[in-house]
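Student: got a sequence here, can you build the structure:
(chains A and B)
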Amino acid sequence: MGKKVLMKGNEVLAEAAIRAGCKHYFGYPITPQSDIAHYMAKELPLIGGAFVQAESEVAAINMLYGAAGAGARVLTSSSSPGISLKQEGISYMACAELPAVIANIVRCGPGLGGILPAQGDYFQATKGGGHGDYKMVVLAPSSLQELYEMTVEAFNIADKYRVLVMIMGDGNLGQMMEPVEFKDKEDIIDADKTWATNGTAMKREHNVITSIYIDPEVLEAHNNKLQAKYKKIIKNETRVEECNTENADIIVTAYGTVARIIKNVIKEAANAKIKVGLIRPISLWPFPDEAFIRNAEHTKAFLSVELSAGQMVEDVRLTVNGRKPVYFYGRTGGMIPTEKEVLDKIKDILEKQGG
Amino acid sequence: MAVVFDKPHALVDVSMHYCPGCTHGIIHRLVAEVIDELKIEGITIGVSPVGCSYNNYLYFNCDMQQAAHGRAPAVATGIKRVFPDKMVFTYQGDGDLAAIGTSEIIHAAARGEKITTIFVNNAIYGMTSGQMAPTTLLDQVTTTSPYGRKPELQGYPIKVSEMLATLQGAAFVERTSVHDIKNINRTKKAIKKAFQVQQKGYGFSIVEILSSCPTNWGKGPLDALKWIESNMIPYYPLGNFRGAELEV
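Tutor: Residues are numbered from 1 along each chain as shown, chains lettered A, B, ... in the order given. Down below sits the predicted model:
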């Protein structure tokens, strides 16, 4: 491992992208993620790349389309309202099978909302915020070390499957500082990019990047191809962390920085002789179903804790499928649940469960 | 036997889907001839729009990307920033460029993005069946201005070339027409210069080409060409608005 550096989350993400071979960034300013753009504006010209401040998020995602189609490793970043504007382009890129990484440093909504941390974009990210049947890999790191490693990985996943990968961090993750240990060299996969529009050099047939298929049979076949690819991703790229789940009376599920609060709750609960476990989905799509199904055998109940009015809890319910009760506790508007609030909720649930 | 007429190499040898009398085909050929003459097919990447020419990626032999409605200049920006030494062009209609894509074209020009835009202005939405465009003339009847375009209701047609010529990043701006042979030749010259302006790295270049839509204008092909001359050119004067002096 290389040296340890104290850095801000947004800058870690930008540095990780550069280490992953990303030389082109397109974005539009929005709090709380603008440090990513600042970092790229400073660094990319020095390594022969390009930083473009687009006129809108709509333009930025379409610049990403062009640059990804040209075969480059590319990044755009934004925060919730800006990500909403990118949805059109996300759907087009998914259909055209363009690999790229999109960072969403989520802020509280709906509407213009506020600038504080939230997890209210779970539905948009995992259920297809744009039109049509598509999926995008959504990764939710909970520490800056993980943010670094996962950003590098995101570029590899994008290239390997020709898909979009979203790094979903809440405002906490973007704004906080933590030590990060960078590797001397990153593992970068050697991806096939013979499909890219980089000029025929008069040596091959022309390449076409498109998302329009007017013939219904051709479009259905294309959809089937996308779905087959998504199945492969579900099989290969599901990521989850489990803590203390084996003998847990109740399993809390939380992702991103909220999972860190739950880890403290586990300790406090242990003092009160309550066995609390944690399932932390690291990939929000694909969702780690198996961890829930397996633990549903022995735990009494599940509790999803989110910075939302209840979004991931719907996937937990779908997965648990009535085997055990599923509860929810959430805060919105940029408010963060305290350890005590969560512990009180746990005690309340276990009382109901007769435990 | 000497070849007196051949298809440009930069055009794929397939039949096009355009309506009889539509001048898109002529404009495609002119672009392809210029690509051949400049010997840039192998380093050119084109961007197709949404509209009648949405699938011209099938017609151009160079690498092509198909863009979302109005976003071609942003897509072209992405490509050009990855390949500063390659040639990138967009091909866009008036609905695509002057309505939904106004922001993208203005800012690509303002940034002096080194791309070339072929802007086909036929004063109507063709593909979606004849709706009013930002470039639809006053009193022109369309499916969404059935009583004719009235300034008090629908405002005035946008003069895109004049507007873009106010931007310093727009190195070359010219409006031409393809309603007769003389003007077709002038159009080709303008397209060639626009590509050369990109090659030289002067900045953004655009050729606005007045084009016919017999189907949605409800006219025969010849009458449609006459209508360009009698109705469009008086409102959209032909000529260079920027960059005539540039050495290429």
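Student: can you confirm B:K182 is in a strand?
Tutor: No: per DSSP: H, G, I helix; E, B strand; the rest coil, B:K182 lies outside any strand segment and is helix.
Student: quick one, grab the pLDDT at whichever residue of chain B sits closest to chain A.
Tutor: As assessed by C-beta to the nearest C-beta, chain A sits closest to B:G78 within chain B, at 2.6 Å. Heads up, the C-betas are built off the backbone N, CA and C, glycines and all. Among the per-residue scores, B:G78 shows a pLDDT of 98.
Student: count the residues that sit near it.
Tutor: Residues within reach of B:G78, counting by other C-beta atoms under 10 Å in any protein chain shown, total 33.
Student: from the contact counts, what lies against the helix or strand hosting it?
Tutor: Using DSSP states H and E, B:G78 sits within helix B:72-82. Here helix B:72-82 touches strand A:24-27, strand A:50-53, helix A:57-69, strand B:44-48, strand B:87-93, helix B:102-110, strand B:116-121, going by 3 or more C-beta pairs under 8 Å, 6 or more residues apart in numbering or on different chains; DSSP states H and E.
Student: which among the ones you listed is found nearest to A:A270?
Tutor: Shortest distance between A:A270 and the helices and strands packed on helix B:72-82, using C-beta to C-beta, is found for strand A:24-27: 43.7 Å.
Student: what's the first helix or strand after that closest one?
Tutor: The helix or strand immediately downstream of strand A:24-27 is helix A:34-43, counting by DSSP H and E.
Student: just the C-alphas of that next one, formatted as PDB.
Tutor: Output of helix A:34-43 as PDB, limited to C-alpha atoms (Å, rounded to 0.1, in the frame of the first residue of the first chain):
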ATOM      1  CA  SER A  34     -18.800  20.700  -6.400                       C
ATOM      2  CA  ASP A  35     -15.300  19.900  -4.900                       C
ATOM      3  CA  ILE A  36     -15.200  17.000  -7.400                       C
ATOM      4  CA  ALA A  37     -15.400  19.500 -10.300                       C
ATOM      5  CA  HIS A  38     -12.800  21.800  -8.600                       C
ATOM      6  CA  TYR A  39     -10.400  18.900  -8.200                       C
ATOM      7  CA  MET A  40     -10.900  17.800 -11.800                       C
ATOM      8  CA  ALA A  41     -10.600  21.400 -13.200                       C
ATOM      9  CA  LYS A  42      -7.200  21.600 -11.500                       C
ATOM     10  CA  GLU A  43      -5.800  18.100 -12.200                       C
END
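Student: did I read that right, A:E290 in a helix?
Tutor: Yes: counting by three-state DSSP, one finds A:E290 located in a helix.
Student: tell me where chain B has helices.
Tutor: Counting by DSSP state H, chain B has helices at residues B:24-38, B:72-82, B:94-95, B:102-110, B:151-154, B:160-164, B:181-200, B:214-217, B:221-227, B:233-235.
Student: and the fourth one, how far from the chain's centre?
Tutor: Chain-centre distance of helix B:102-110: 15 Å, with C-alpha atoms, centre = their mean, to the nearest Å.
Student: before we move on, what about the last one?
Tutor: Mean-position distance between helix B:233-235 and its chain equals 17 Å (C-alpha atoms, centre = their mean).
Student: mind checking how far B:S53 is from B:H28?
Tutor: Noted for B:S53: a distance of 8 Å to B:H28, by C-beta to C-beta, to the nearest Å.
Student: between these two, which is the more surrounded one?
Tutor: Taking other C-beta under 10 Å, B:S53 and B:H28 do not tie; B:S53 has more neighbours (25 against 22).
Student: show me the contacts for residue 63.
Tutor: Using chain A. A:M63 makes contacts with A:F26, A:V52, A:A54, A:T76, B:A74, B:V75, B:T77, B:G78, B:R81, as judged by C-beta atoms under 8 Å, 6 or more residues apart in numbering or on different chains.
Student: meant chain B, my bad for not saying
Tutor: A:T197, A:N198, A:G199, A:T200, A:H206, A:N207, A:V208, B:T44, B:I45, B:G46.
Student: and those residues, which are buried?
Tutor: Burial by neighbour count, 16 or more other C-beta atoms under 10 Å in any protein chain shown: within the contacts of B:D63 this picks out A:T197, A:N198, A:G199, A:T200, A:H206, A:N207, A:V208, B:T44, B:I45, B:G46.
Student: among the residues you listed, which one lies nearest to B:Y125?
Tutor: For the buried ones among the contacts of B:D63, the nearest to B:Y125 is B:G46 (21.8 Å; C-beta to C-beta).
Student: domain-wise, how is chain A divided?
Tutor: Per automatic domain parsing, the domain ranges recorded for chain A read A:4-237, A:241-352.
Student: buried deepest among those, which one?
Tutor: The highest mean neighbour count among the domains of chain A, using mean count of other C-beta atoms under 10 Å in any protein chain shown, belongs to domain A:4-237: a mean of 21.
Student: start to end distance for it?
Tutor: In domain A:4-237, first residue to last residue: 28 Å (C-alpha to C-alpha, to the nearest Å).
Student: now it: how far from the chain's centre is it?
Tutor: 10 Å.
Student: low pLDDT regions in chain B?
Tutor: In the predicted model of chain B, no residue satisfies pLDDT under 70.
Student: for the stretch 251-355 of chain A, same thing?
Tutor: Within the stretch 251-355 of chain A, the segments meeting pLDDT under 70 span A:355.
Student: any idea which residue of it lies closest to chain B?
Tutor: A:W285 (23.1 Å).
Student: tell me the contacts of that residue?
Tutor: Contacts of A:W285 (C-beta under 8 Å, 6+ apart): A:A125, A:T126, A:K135, A:M136, A:V137, A:V138.
Student: which ones among those residues are found in helices?
Tutor: Filtering these for helices - DSSP H - leaves A:A125, A:T126.
Student: does A:T200 touch B:H9 like I think?
Tutor: No: contact criterion C-beta atoms under 8 Å: A:T200 and B:H9 do not qualify, at 11.1 Å.
Student: overlap in contacts, the two.
Tutor: The contact sets of A:T200 and B:H9 overlap at B:E41, B:N61 (C-beta under 8 Å, 6+ apart).
Student: which among the domains of chain A is found nearest to B:V34?
Tutor: When the domains of chain A are compared by C-beta to C-beta, domain A:4-237 sits nearest B:V34, at 16.4 Å.
Student: quick one: the strands in the stretch 51-200 of chain A?
Tutor: In the stretch 51-200 of chain A, the strands defined using DSSP state E, counting those that start in this stretch lie at A:74-78, A:100-106, A:137-139, A:164-170, A:177-181.
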